[in-house]
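>>> this is a predicted model, with the sequence first.
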Amino acid sequence: MTSDSIQIYIEKAEKLQKEYKYEKSLEIAQAALQNAKYNNDDKSLGLIYNIIAKNYEINEDDTKARGNYRKALTYAKSSKSKTLETDLYNNLARVFTKHNLTRKTGVDYYKQSYQYAVSLKDTARMIRPLLNLGEYYISRSDFDSAFEYLDPARKLIQDKSSNLDKTKLNGLLGKYFLNIREYETAEEHIDQAITYSLGETKNKKNADELVSTYFELLASSYETKSTLYKKQNDYQKAYNYQKRQFQNIIRARDLKKLKELRRANIKYEVDLLEKRAEKAESQKEESDDEVAKWRIIIILGIILILISLAFLISSYKNNIQKKRLNSDLIENNKELISAKETAEQVSTLKSQFISTVSHELRTPLYGVIGLTSLLMENPEGKKKNEYLESLKFSGDYLLALINDVLQLSKIETNEVRLEKVSFDIRTLIEGIVNSLHTKQKSNNNTVHIDIDKKINTTLLGDSVRLSQILINLIGNSLKFTKDGNIWVSVKHLDGDNDNYLLRFTVKDDGIGIPKNKQQTIFDNFAQVKNENQEYEGTGLGLAIVKKLIHLHNSEIKIKSQEGKGSEFYFDLSYEKAVKQETISLQKGENISIGTSNFNVLIVDDNKINQIVTKNILKKKGYTCDIASNGMDAITMLKNEKFDLVLMDINMPEMNGLEATKVIRTFNTHIPVIALTAVEEGEIRNQALSVGMNDVIIKPYDTQQFFQTIMRNISKVKMV
Ligand code: ADP
């Protein structure tokens, strides 16, 4: 046999392999092998061992496949055939990555194959190992590594690339983007993969094996799509795509079954021909012939019946399996939907529960704190002051705890949305430091504020959340530092015409935090145990700070050394707003109207609350009258002159909102302020919409209480 005819044999064996005629392909490869060995034709030997190895690989005999690929590689190297070497590294890698012990070598082989293809400038051969590596890492859920290979593959794949490569690439990219939660991009890729594979399953030119591969790819795409919808809580769609996934798995398997049956038929035909030839050759008697003929016919009949029976049984089993899959799916879907409903119920119940309980707790607390404050100021009660202070401390602590729990629950149920208001960073920080510092005088600390001069306009962003973050951090520094310093600084890191990126730092030279506690202090209720000192606090402050900073897509960082001090810092970006010089004047906060001899109507059904509010007002020189419900309030307002109304919301018979609506029909100018224990976010809009002017949440800070009252009275007096 010459080299040329060896080549023809090789091509024939390759063709037979593609047609899944493995035994014939092996037969021809073996024949070519003898001749190539005889001629010392290394290149052909490489090609032949490649074919032999692939046949073994397809028939899942990986040990033999590996041995033959290796032999092929030796010949490819000695004949210096780079293309064959490139293919062989890819093939070897495929077998090696299948098994845990050899997968690392497999990955190296893929990389080798890619490098060779690059040196050959062979794009199609470059794409193959890249896609295989992408698929390998996706199957191991290592999405970052997968993208390292899928990205260059994406750049290499062009219009003229094979549809199989395009389908695989899009399917894998779909999985990648799904996992990094870019759902829209993921869906675009999956849909591309579905379009390609659907087209190819209908392409008549494709061999059964290829069509079966496309059905498998289609099933995989539907699976990704189902997961995508599950992640977005669209369980109905997720269920539909899962159904399609199973349909296509069955289609792929049916095709393979058909192919196996056809293979059996081919073998049967070959046997038949051989038998006929034998019959013609033998010069046996006619009667013998007849017997043989009948025997063959009977055997053939039996074989045919057996094959048909096997096919019937397999279809029947398939059907049963389909039904089982279907009922599994329905069960699955039911479970998913009921799990979703339970989760939703639990979540709403939880927030309703927290909101109700906090309201119920805040109302009596108002009484406890208010009465305690009043008693503390009463000179006759001086002796009992120690107990009263403890009582007030417990009350304040309980209130802080309730507020923190409520805040955390809101963040966790995604109820906190960032607002955009304009604010002045200096005023905000100075305000926070002033209010905290007066409370913390006992620790004798000096607070230094340093705000970058480059920040020369007002900012646009959520000033309330920023205040909450800073109050917690500065409050902690003041608490955990004695006779020391606190530095609060805002640095300008970066910015353009519209935005500032700012670094906020709160630093102290207090007791510091041990290294092993520096991460856990951000957990709910985490406090560092300290035997010598007792600090007030709920252990929720830093958990809230961390979550609020997360809401701004940023992170809080900490540097601290025990005994030396702590530093907390984080970066936030804010839009620039137009500077409003006159903000405080517009709000009327600084307006003094000289006297506080005003007449206030307190509307509240709770006797203790009536006493607390009345006494607080009386001490400032206000005169007060009390109405126990909405009806009485309306009558009193019609008959007497008042400067302001403090209106409770939850009252029997006629609540505060309804009463205000009626009041506004005959008195449009009197300031009506809601005085309520309901959470502010829940009530403010409702209160303003019925004509109330402001909201004060019980229990309140007395200073703020009077500020709000003055602001509202002064607005009316100035008109
Ligand atoms: P707490 O209400 O107890 O202050 P936080 O969540 O704000 O709760 O803080 C958790 C714990 O972290 C504190 O109890 C304290 O042990 C530690 N910690 C926080 N800030 C500081 C600081 N500036 N210096 C020292 N320890 C601190």
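Structure received.

>>> pLDDT below threshold where in the stretch 601-719 of the chain?
679-681, 717-719 (pLDDT under 70).

>>> where along it do the strands fall?
For the stretch 601-719 of the chain, strands defined by DSSP state E, counting those that start in this stretch occupy the ranges 623-627, 644-647, 672-676, 694-697.

>>> which of the ones you listed sits closest to the ligand?
strand 694-697 (20.7 Å; Cβ to the nearest ligand atom). Using the backbone N, CA and C atoms, a C-beta is placed for each residue, glycine as well.

>>> what does the closest one contact?
Applying Cβ atoms under 8 Å, 6 or more residues apart in numbering, the external contacts of strand 694-697 come out as 362, 646, 671, 673-680, 683-684, 687, 704-705, 708, 711-712.

>>> hmm, 6 Å instead?
The list of residues contacting strand 694-697 from outside it, by Cβ atoms under 6 Å, 6 or more residues apart in numbering, reads 673, 674, 675, 680, 684, 687, 705, 708, 712.

>>> kindly report the same for stretch 313-331.
By Cβ under 6 Å, 6+ apart, stretch 313-331 touches 243, 246.

>>> just name the shakiest helix or strand of the chain by mean pLDDT.
The weakest-scoring helix or strand in the chain, judged by mean pLDDT, DSSP states H and E, is helix 583-587 (a mean of 39).

>>> among the strands of the stretch 601-719 of the chain, which comes closest to residue 184?
Nearest to residue 184, of all these, is strand 694-697, at 40.7 Å by Cβ to Cβ.

>>> just checking: what are the partner strands of that closest one?
Paired with strand 694-697 in the same sheet, following DSSP bridges, are strand 672-676 (parallel).

>>> what helices and strands are in contact with whichever strand or helix holds residue 188?
Taking DSSP states H and E as the criterion, residue 188 maps to helix 183-201. In terms of contacts (3 or more Cβ pairs under 6 Å, 6 or more residues apart in numbering; DSSP states H and E), helix 183-201 is packed against helix 163-179, helix 208-231.

>>> mind putting these into JSON lines with mean pLDDT, mean neighbour count and distance to the ligand?
Putting the helices and strands packed on helix 183-201 into JSON lines (pLDDT from 0 to 100; neighbours: other Cβ atoms under 10 Å; distance: least, Cβ to the nearest ligand atom, whole Å) gives the following:
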{"stretch": "helix 163-179", "mean pLDDT": "94", "mean neighbour count": "23", "distance to the ligand": "33"}
{"stretch": "helix 208-231", "mean pLDDT": "89", "mean neighbour count": "21", "distance to the ligand": "32"}
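
>>> residue 550 belongs to a helix, doesn't it?
Yes. Counting by DSSP: H, G, I helix; E, B strand; the rest coil, residue 550 falls inside a helix.

>>> mind checking how far it is from residue 71?
58 Å (Cβ to Cβ, to the nearest Å).

>>> re the thing from before, could you dump the helices and strands packed on helix 183-201 to TSV with distance to residue 626?
As requested, the helices and strands packed on helix 183-201 are arranged in TSV below (distance: least, Cβ to Cβ, whole Å):
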stretch	distance to residue 626
helix 163-179	63
helix 208-231	56
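
>>> phi first, then psi, for residue 514.
Backbone torsions for residue 514, taken as degrees, to the nearest 10, come to phi -60, psi 150.

>>> just want the angle from the lengthiest helix in the chain to strand 672-676.
Looking across the chain with DSSP state H, the single longest helix is helix 286-377. Angle, helix 286-377 to strand 672-676, by axes from the mean of the first three to the mean of the last three Cα atoms, to 10 degrees: 110 degrees.

>>> angle of helix 286-377 against helix 208-231?
20 degrees.

>>> state the mean pLDDT of helix 286-377.
For helix 286-377, mean pLDDT rounds to 72.

>>> run the chain-centre distance for that helix.
Put simply, helix 286-377 sits 23 Å off its chain's centre (Cα atoms, centre = their mean, to the nearest Å).

>>> can you tell me, leaving aside adjacent residues, what's nearest to residue 243?
residue 329 (5.9 Å; Cβ to Cβ, 6 or more residues apart in numbering).

>>> what's the separation between the one you found and residue 217?
Counting by Cβ to Cβ, the gap from residue 329 to residue 217 is 21 Å.

>>> mind checking how far the closest residue to residue 198 other than its chain neighbours is from residue 130?
In space, and not counting its chain neighbours, residue 198 is closest to residue 218: 6.6 Å by Cβ to Cβ, 6+ apart. Between residue 218 and residue 130 the distance is 22 Å, computed by Cβ to Cβ.

>>> pLDDT score for the residue in the stretch 51-200 of the chain positioned nearest to the ligand?
Nearest residue of the stretch 51-200 of the chain to the ligand, counting by Cβ to the nearest ligand atom: residue 181, 29.3 Å away. For residue 181, the model assigns a pLDDT of 89.
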